[in-house]
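In: need a 3D model of the following:
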Amino acid sequence: MSTSPNQPLLGRRILLGISGGIAAYKTPDLVRRLKDYGADVRCVLTQGGQAFITPLTLQAVSGNPVHHDLLDPAAEAAMGHIELAKWAELVFIAPASANTLAQLAHGHASDLLSTLCLATAAPVAVAPAMNQQMWAHAAVQANCDLLRQRGVNVVTPASGAQACGDVGAGRMPEPLELREVICSLLLPQNRELAGKHIVVTAGPTREAIDPVRYLSNHSSGKMGFALAAAAQAMGAQVTLIAGPVNLATPTGVTRVDVVSAEQMHTAAMQAVDNADVFIGCAAVADYRPEQVADSKIKKSNDGMQITLVRNPDILADVAARTKAPFTIGFAAETNNVAHYAQDKLARKKLNMIAANDVSDSSIGFNSDDNAMILFWRDMNNTVQQQALARASKSTIAQQILQQAAKLLSNNQ
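Out: Okay, here's the model as predicted:
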């Protein structure tokens, strides 16, 4: 089946199951995001799901009738549930309630969705969403373990504030994140990085002024997390060194949380001891306050002076190692992007650099899309470049890693 860079799921048949939970409000957006990628989406609602989202809404965004009744006489005249089970290339349940997880784990066929999961030969994946205490319950975890043993992909819930007022794990990931999970399940996986250890830094750093205030920047960490997820999907062992961001850890990735540039430097130097590739995607603060106040600085004068000192240069220090990994840098610029990127490539002795124009808000900090220009030196020491057109950060991450894999292969 042919695809295009802008519609990688063109024509793929996804059966989206929606069970009871407040996270069901996200499903129309998920359907729309999947349609943007070219997918054919059909929705199945449980009785609980219908309490949170209507069939009419899902029909409007999917363009297909919505199914919810196991014993619908019109549909069952043609064995509708069996035909639907055969139609699907992937059954993806989001949100998957605790009750739905129990039904699947114990082979129940008490409603249309659970029956479809027994009747389909397609892979099944679930995105659990529930109260943090319910998610932590031993019975729920046992059901998830049983589903994993049977080959069901269980998407790790995100952590954060919940509709009930609690804070903790149990939130359904956002639609864009779920779309990338679906892509990883349906699209052929490139294993060019199998056996490689890749270290990625992501997000901003925070440089303390006092116990309350800090210096930082607008980096969301999305690009670095997309690179970590893409590298893991390509077969690599991935260590993700993350500054303070509110993003879920990609499946299968080892995460190290840090706050300051010095902490990130220490973590990076330790991680690259046995790394094949280092990707410095983090927006590391160039400077930090020379002195950090022990208590909150009170407002007393019209002005305040803070003396800044230079932070360690993580990228340059990694590239300067005796047995340096293949080192990839990032250049987030607001003008003269190509000039500054090539200067950084040479000055820091990098193997490759990815440059983008963060003055464009549609591809800058906090956006879901990006556009890049890659620069590297060929065997004749001539600078080469490749433009990556605007696409999702996950797509851009895959393209960056594909080029890195080619260069790694040439260097072996």
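In: from residue 334, how far off is residue 147?
Out: 48 Å (CB to CB, to the nearest Å). (Glycine included, C-beta is placed from N, CA and C.)
In: between the two, who's got more neighbours?
Out: Neighbours per residue, other CB atoms under 10 Å: of residue 147 and residue 334, the larger number sits with residue 147, 20 against 11.
In: hmm, who's touching whatever helix or strand the more buried one lives in?
Out: Under DSSP states H and E, the secondary-structure element containing residue 147 is helix 138-149. Contacts with helix 138-149, where a contact means CB atoms under 8 Å, 6 or more residues apart in numbering, come from 98, 101-102, 104-106, 126, 128, 130, 134, 154.
In: return the set of buried residues in it.
Out: By neighbour count with 16 or more other CB atoms under 10 Å, helix 138-149 contains the buried residues 140, 143-144, 147.
In: which elements pack onto the helix or strand following that helix?
Out: Scanning the chain past helix 138-149 towards its C-terminal end, the next helix or strand to appear is strand 153-154 (assignment: DSSP H and E). With contacts defined as 3 or more CB pairs under 8 Å, 6 or more residues apart in numbering; DSSP states H and E, the secondary structure elements packing on strand 153-154 are strand 124-128, helix 138-149.
In: each with direction, which strands does the helix or strand following strand 153-154 pair with?
Out: Next helix or strand after strand 153-154 toward the C-terminus (DSSP H and E): strand 158-161. In the sheet containing strand 158-161, the strands it pairs with under DSSP bridges are strand 167-171 (antiparallel).
In: chain center to the strand it pairs with, what's the gap?
Out: How far strand 167-171 lies from its chain's middle: 17 Å, per CA atoms, centre = their mean, to the nearest Å.
In: ok, residue 349 - how many residues close by?
Out: The number of residues packed near residue 349 is 13, by other CB under 10 Å.
In: excluding chain neighbours, give the residue nearest to it in space.
Out: For residue 349, ignoring the flanking residues on the chain, the nearest one in space by CB to CB, 6 or more residues apart in numbering is residue 319 at 4.7 Å.
In: then residue 408?
Out: Spatial nearest neighbour of residue 408, chain neighbours left out: residue 326 (5.6 Å); criterion: CB to CB, 6+ apart.
In: what's opposite that neighbour in the beta bridge?
Out: residue 277.
In: could you give the number of residues near it?
Out: The tally of other residues near residue 326 (other CB under 10 Å) stands at 20.
In: so it sits against residue 272, correct?
Out: No: counting by CB atoms under 8 Å, no contact exists between residue 326 and residue 272, whose distance comes to 10.7 Å.
In: next, show the common contact partners of the two.
Out: Overlap between the contact sets of residue 326 and residue 272, as judged by CB under 8 Å, 6+ apart, is given by residue 278.
In: what residues sit buried inside stretch 227-237?
Out: For stretch 227-237, burial by neighbour count (16+ other CB under 10 Å) applies to 227-237.
In: could you dump those residues into JSON lines with pLDDT and secondary structure added?
Out: Written out in JSON lines, the entries for the buried residues of stretch 227-237 read as follows (pLDDT from 0 to 100; DSSP: H, G, I helix; E, B strand; the rest coil):
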{"residue": "227", "pLDDT": "94", "secondary structure": "helix"}
{"residue": "228", "pLDDT": "93", "secondary structure": "helix"}
{"residue": "229", "pLDDT": "86", "secondary structure": "helix"}
{"residue": "230", "pLDDT": "88", "secondary structure": "helix"}
{"residue": "231", "pLDDT": "91", "secondary structure": "helix"}
{"residue": "232", "pLDDT": "86", "secondary structure": "helix"}
{"residue": "233", "pLDDT": "82", "secondary structure": "helix"}
{"residue": "234", "pLDDT": "87", "secondary structure": "coil"}
{"residue": "235", "pLDDT": "85", "secondary structure": "coil"}
{"residue": "236", "pLDDT": "91", "secondary structure": "coil"}
{"residue": "237", "pLDDT": "93", "secondary structure": "strand"}
